[in-house]
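Peer 1: Need coordinates for the below:
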Amino acid sequence: MSEEERAFFCEVILSLFLPPSIDMAEQISEGQFYFFFKNYMDSNNHQEKILQGFLSDKSPSLILKELDEEYYRLFSEFGKERISMVESYYKQWTMDPECSISFAKEKGFLMGDSAIHLLDLFSYFGLETDDSFKGMPDHLLVELEFLSYLYKIREERFIKSFIKDHLDWIPQLKKGIIKSNPHPFYRSAIEILDLFLGLEKERLEVEKYE
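Peer 2: This is a model prediction of the structure:
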């Protein structure tokens, strides 16, 4: 893939984790997500079974109803699972040895070191966080949008460090989602995200020595 294609690929993956919409349901019903990612899977010689969640013979309205309920169950702060899509939640709040806050070494809190670092990165590139993400600039949707941006401007050294340092929590997110016995759509979504990032890490490491 070219850098432009990788940027678009990130945007498509990002769309899988947005709150469900009728447009998303129609794309599933028509097999658009399945065939888009199948081309990628074929080019990388990976089994396409992880894409089965992107196929459905149900009507868009029924698909939307199922995804609405599942999105709430998995990702809403009031849902049964309450799976966080924020990087800080999965990491020690701060690595600063001089921080005296009682929960400084604990996990499960927002606006940790990763969030502060991302705000610095956004400032460096002249970017701002949307108001809806002011308290969680390291949300998955923001991170994937930023990764897409880095591909567009061809900042390879930032791409490599960003995937390594800021998207290293995705396996934990994947573990949480799969443990919750998710709707097939969300299992496929997290599988394709984890696969893409893993392959990108390998590609960038190989290109380093070429």
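Peer 1: quick one: the residue nearest in space to the middle of the chain from Glu156, how far?
Peer 2: Closest to where the C-alpha atoms of the chain average out (Cα atoms, centre = their mean) is Leu140, at 4.6 Å. According to Cβ to Cβ, to the nearest Å, Leu140 stands 22 Å off from Glu156. C-betas here are computed from N, CA, C, even on glycine.
Peer 1: Next: Gly176.
Peer 2: 30 Å.
Peer 1: Looking at these two, which one has more neighbours?
Peer 2: Taking neighbours as other Cβ atoms under 10 Å, Gly176 and Glu156 compare with Gly176 leading, 18 against 14.
Peer 1: Tell me who's in contact with that one.
Peer 2: Contacts for Gly176 (Cβ atoms under 8 Å, 6 or more residues apart in numbering) come out as 81, 83.
Peer 1: where does it fall, helix, sheet strand or coil?
Peer 2: Put simply, Gly176 is helix when judged by DSSP: H, G, I helix; E, B strand; the rest coil.
Peer 1: wait, Ile50 sits on Glu191?
Peer 2: Yes: applying Cβ atoms under 8 Å as the test, Ile50 and Glu191 come out as touching, 4.2 Å apart.
Peer 1: quick one: low-confidence ranges for the chain?
Peer 2: Applying pLDDT under 70 to the chain flags the ranges 42-47, 93-108, 207-210.
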